[in-house]
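Chemist: fold the stuff below for me.
(chains A and B)
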Amino acid sequence: EDQVTQSPEALRLQEGESSSLNCSYTVSGLRGLFWYRQDPGKGPEFLFTLYSAGEEKEKERLKATLTKKESFLHITAPKPEDSATYLCAVRARVNYGGSQGNLIFGKGTKLSVKP
Amino acid sequence: GAVVSQHPSWVICKSGTSVKIECRSLDFQATTMFWYRQFPKQSLMLMATSNEGSKATYEQGVEKDKFLINHASLTLSTLTVTSAHPEDSSFYICSAKRSAETQYFGPGTRLLVL
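Modeler: Here you go, the predicted model:
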């Protein structure tokens, strides 16, 4: 069964304290791994798509990396405005497993950055 | 990034009434839109896939007669919660597929059924 597990569930950082969020996945044929940011009461905001192991993408203080089993979202020198829940999702190849190529989401990591 | 809107942003209704939620892709055409439900501190759960001009595909356990989906144009999909009950109270989020892989999400609609 296709599955996405994110850790930690919650992370508290001081402003400027770099850290990483983990997304472990089990999927039969990865078609893409996605990172989203979700603020309270809002819909997810697209951040990155990664397609193959070894791929990296960066946007401001965020960098996403991908291996065959997991993805990391590295946050460098975070600021209070980076506080949000970060969601990871995978899309399996159509007709592999039971997910029919739809996005499968993890439960997210709630990041709090204190000034 | 691409813009997807939802209306209303929140709604309170009495048990037994029906509620319609609209999802629009504002700056691109979307042949495929998705409807998700999210309970507090839980992940997004896909309810159904909406394809323009054809019937929606519902996920296992989602009642198609209760959650009516219409995707009449390339920029609009609607979700109607029929005969709503308190257990239908949730955060409903739509998304639209802009490319083969990337989905953009709307801001969500919070539904409270009294």
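
Chemist: who's in contact with B:E52?
Modeler: Taking C-beta atoms under 8 Å, 6 or more residues apart in numbering or on different chains as the definition of contact, the neighbours of B:E52 are B:30-32, B:71-74. C-beta here means a position set from N, CA and C on the backbone, and glycine is covered the same way.

Chemist: export those residues as JSON lines, with columns for neighbour count, secondary structure and distance to chain A.
Modeler: JSON lines is the format used below for those (neighbours: other C-beta atoms under 10 Å in any protein chain shown; DSSP: H, G, I helix; E, B strand; the rest coil; distance: C-beta to the nearest C-beta, whole Å):
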{"residue": "B:A30", "neighbour count": "27", "secondary structure": "coil", "distance to chain A": "14"}
{"residue": "B:T31", "neighbour count": "13", "secondary structure": "coil", "distance to chain A": "15"}
{"residue": "B:T32", "neighbour count": "17", "secondary structure": "strand", "distance to chain A": "10"}
{"residue": "B:H71", "neighbour count": "22", "secondary structure": "strand", "distance to chain A": "16"}
{"residue": "B:A72", "neighbour count": "10", "secondary structure": "strand", "distance to chain A": "22"}
{"residue": "B:S73", "neighbour count": "13", "secondary structure": "strand", "distance to chain A": "21"}
{"residue": "B:L74", "neighbour count": "16", "secondary structure": "coil", "distance to chain A": "20"}
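
Chemist: quick one: is the worst-scoring helix or strand of chain A on mean pLDDT near chain B?
Modeler: Least confident element among the helices and strands of chain A, by mean pLDDT, DSSP states H and E: strand A:103-105 (a mean of 89). Yes: in this structure, strand A:103-105 sits against chain B according to C-beta under 8 Å from any C-beta of the partner chain; the contacting residues are A:103, A:105.

Chemist: right, I'll leave it there.
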